[in-house]
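Trainee: next comes the sequence, and after it the predicted model I'd like to discuss.
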Amino acid sequence: MGVATATLVETFKARDWRHFDVQLLLYVVLLITVGVVMGYSAGFNDPGAGPGASQTVKTLMWAAIGLTLFFVASSVDYHWLQTLGAPIYVLVLGLLAITMLIGTNLFGAQMSVTVAGLDFQFSEVSKVFMIAVLAAYLASRRERIGRLSTILVAGALMAVPTFLVFRQPDLGTALVFVGILIGMLFMSGASLGWMGLMAAAVIGSAPVVVSMLHEYQRQRLFCFLDPYADAQDACFQLVQALNAVGSGGWLGRGLTVGGEDQRGYIPVQSTDFIFTVVAEDLGFVGGIVVLSIFGLLLWRVLLIGWQARDSFGMMISVGLASMLLFQLMVNVGMVIGVMPVTGIPLPFVTYGGSSLISLMFGMGILQSIRMRSHKPTL
């Protein structure tokens, strides 16, 4: 115990801030700022959401907690995640099981646990933890990455938490787990042939998975195919989102204005449909700017992975990039009607403390990888 504590203290003291990645932090802060402003705009004319300022204050508070966690995670050597891979996996399963047992019902799903009056979505931090668990496994199998056994074990590791999240039921987060697995296997150099067979098996089981969903989930899932077929009921939210996005034009209608018209009919617009607010208030140009910031962030995440000193650091970076890209594509895609409505948040922008704090923890781990990617100069 004393040796472990001494090692941690030495690691903390020996951190090399000369390699701190300012760009990574800059892009993250810019996206959080977008989220704060868009959240304020979304709640300004929405009496059901309460005063826009109250939501803004909460987001700023979560951002402060997230930034603190970011610097703490940056300061500590990321290899502790590799050392504690097995206990972390057990912790993830425990947190998700607790959510299923005593979770608070939110939009028909047991997605959060209330502690001291605050709601925590353990599935959010579980995504980051599972990236570390999978990275540790794949890093240990570098010489056997092309074998079927490697893919099967990796799939089995991810299957259990994915199933627990799916049974909440939270289809969106379950799909994020799948997206992380595919991205990490692909970038690790796993056999494309074996991955193709696994993908075929997953697609073949899709009808069974769909049959396990609630009726309202199935209706929302397929709305994107023809949203105007049921525009007044199951697809109402998507239709209003499409109208709001279209009304934004090239330069947008301005902050706090959109909620008075089409967007005012969209529930939870500051969460799952936050990009609707971006598109209507800032227009096509504003949307492209926000997507460009995401592009720069993803480029930075992958660059840190390429420069990592070991395969474990590289795989964590790939996992985080896969998670961010998947959530970005699905969230924006569902708002513009080309992806199913699955309730996946837009990273750093969607209103929610659990998501923001978990993402900042993940970015802190990434910063730790960056800071330790160079040999210390004597």
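Mentor: Now that the structure is in, tell me what you want to look at.
Trainee: can I assume residue 297 sits in a helix?
Mentor: Yes: secondary structure of residue 297 (DSSP: H, G, I helix; E, B strand; the rest coil): part of a helix.
Trainee: wait, it touches residue 34, no?
Mentor: No: contact criterion Cβ atoms under 8 Å: residue 297 and residue 34 do not qualify, at 11.7 Å. (Glycine included, C-beta is placed from N, CA and C.)
Trainee: what are the contacting residues of the helix or strand encompassing residue 220?
Mentor: Assigned by DSSP states H and E, residue 220 belongs to helix 215-221. Residues from elsewhere that reach helix 215-221, judged by Cβ atoms under 8 Å, 6 or more residues apart in numbering: 108, 169, 171, 210, 213, 230, 233-235, 237-238, 340-342.
Trainee: top of those residues by neighbour count?
Mentor: residue 341 (27 neighbours; other Cβ atoms under 10 Å).
Trainee: helix/strand/coil for it?
Mentor: coil.
Trainee: residue contacts, it?
Mentor: 220-221, 223-224, 237-238, 272, 334.
Trainee: again, only using 6 Å
Mentor: 220, 223, 238, 334 (Cβ atoms under 6 Å, 6 or more residues apart in numbering).
Trainee: turn the residues you listed into CSV, columns for pLDDT.
Mentor: Formatted as CSV, those follow (pLDDT from 0 to 100):
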residue, pLDDT
220, 74
223, 82
238, 84
334, 90
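Trainee: show me where the stretch 101-250 of the chain has its strands.
Mentor: 104-106, 109-115, 118-120 (DSSP state E, counting those that start in this stretch).
Trainee: tell me what the longest one is packed against?
Mentor: Helices and strands touching strand 109-115, by 3 or more Cβ pairs under 6 Å, 6 or more residues apart in numbering; DSSP states H and E, are strand 104-106.
Trainee: and the contacts of stretch 130-138?
Mentor: 81-82, 85, 88-89, 161, 184, 188, 312, 315-316, 319.
Trainee: for residue 345, phi and psi?
Mentor: Residue 345 adopts backbone torsions of phi -70, psi 160, taken as degrees, to the nearest 10.
Trainee: just list the residues touching it, thanks.
Mentor: Residues counted as contacts of residue 345 (Cβ under 6 Å, 6+ apart) are residue 355.
Trainee: confidence score at it?
Mentor: What the model reports for residue 345 is a pLDDT of 91.
Trainee: next one: residue 101
Mentor: 85.
Trainee: got it, and residue 108?
Mentor: 59.
Trainee: give the next helix or strand downstream of the worst-scoring helix or strand of the chain on mean pLDDT.
Mentor: Lowest mean confidence among the helices and strands of the chain (mean pLDDT, DSSP states H and E): helix 2-13, at a mean of 48. Using DSSP H and E, the next helix or strand after helix 2-13 towards the C-terminus is helix 22-44.
Trainee: who touches the helix or strand that that following helix is followed by?
Mentor: Per DSSP H and E, the first helix or strand lying C-terminal to helix 22-44 is helix 52-75. Contact partners of helix 52-75, identified using Cβ under 6 Å, 6+ apart, comprise 12, 15, 32, 36, 39-40, 43-44, 353, 356-357, 360-361, 363-365, 367-368.
Trainee: write a PyMOL command that selects only the buried members of these.
Mentor: In PyMOL syntax, the buried subset of the contacts of helix 52-75 is picked out as below (16 or more other Cβ atoms under 10 Å):
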select buried, resi 15+32+36+39+40+43+44+353+356+357+360+361+363+364+365+367+368
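Trainee: quick one on the thing from earlier: quick one: the contacts of residue 341 as TSV, columns for distance to residue 276 too.
Mentor: Converted to TSV, these look like this (distance: Cβ to Cβ, whole Å):
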residue	distance to residue 276
220	15
223	15
238	10
334	10
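Trainee: quick one: which of the residues you listed is nearest residue 195?
Mentor: residue 334 (25.5 Å; Cβ to Cβ).
Trainee: now do the phi/psi pair for the nearest residue to that closest one once chain neighbours are set aside.
Mentor: The shortest distance from residue 334 to any non-neighbouring residue, by Cβ to Cβ, 6 or more residues apart in numbering, is to residue 341 (4.8 Å). With angles defined as degrees, to the nearest 10, residue 341 sits at phi -80, psi 110.
Trainee: many thanks, I have nothing further to ask.
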